[in-house]
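Novice: take this sequence and fold it.
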Amino acid sequence: MRKSILASTLLFFLSCSRDPPGWTLWQHTFRTEEDETISDDWWSEDSYSRLEECKAQLGKEVVRLGNIYKNDTSRDPDFKFTLDTEKDVVKLSAVPLKANEKPKLSVTRWFCLPIGMDPRVKDQSTWVLWEERFESNGVSWSPRDGSSQKQFAKESHTH
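Specialist: You can find the predicted model right below:
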């Protein structure tokens, strides 16, 4: 009896741990050309059981991308390139040597976030509120009102 109470107590405390179940390494890259965003991309790279493992991989990714940029021999000769690497970011800027070109910037950052956390910006205008419905054959989910389906239909026909 004592052993089962002890085991139950231990299991309870382990399940109440404030540590997340794991960590995801996220990569965010955005590119601009004369202050206009050309691309804004997010990737979840990999997951790790411990934060230290995720941070170690983050450092390796910064070095890896920095080396790729340093060794790139296909750079446009009409630009002066500057590479800046920091703890969790790699920045590559290209300043035009000719007046008819535009300055360019590429910034890549990495983040270690708890599994299940999604750092990507969400466009609230595309959110759909779902409603749980209990029916004779089980539970189903449907949009709270038909307007989201109408909006989706409009958007899909215009593309």
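
Novice: only C-alpha atoms from now on, for both contacts and neighbour counts.
Specialist: Noted.

Novice: for the longest strand seen in the chain, packing partners?
Specialist: Longest strand in the chain, counting residues (DSSP state E): strand 36-48. Applying 3 or more CA pairs under 8 Å, 6 or more residues apart in numbering; DSSP states H and E, one finds that strand 36-48 contacts strand 23-33.

Novice: output the contacting helices and strands for the strand it packs on.
Specialist: Right, strand 23-33 is packed against strand 36-48, helix 51-70, strand 104-114 by 3+ CA pairs under 8 Å, 6+ apart.

Novice: can you give the domain ranges for this protein?
Specialist: Domains of the chain are assigned by automatic domain parsing as 20-121, 125-159.

Novice: got the ones you listed as JSON lines, with mean neighbour count and mean pLDDT columns?
Specialist: As requested, these are exported to JSON lines (neighbours: other CA atoms under 10 Å; pLDDT from 0 to 100):
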{"stretch": "domain 20-121", "mean neighbour count": "15", "mean pLDDT": "92"}
{"stretch": "domain 125-159", "mean neighbour count": "10", "mean pLDDT": "53"}
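
Novice: re earlier: between the helices and strands packed on strand 23-33, which gets nearest to Val121?
Specialist: strand 36-48 (9.7 Å; CA to CA).

Novice: gap between Asp84 and Asn71?
Specialist: 14 Å (CA to CA, to the nearest Å).

Novice: got the helices and strands packed on strand 23-33 as a markdown table, with distance to Gln27 columns?
Specialist: Compiled in a markdown table, these are given as follows (distance: least, CA to CA, whole Å):
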| stretch | distance to Gln27 |
| --- | --- |
| strand 36-48 | 5 |
| helix 51-70 | 9 |
| strand 104-114 | 5 |
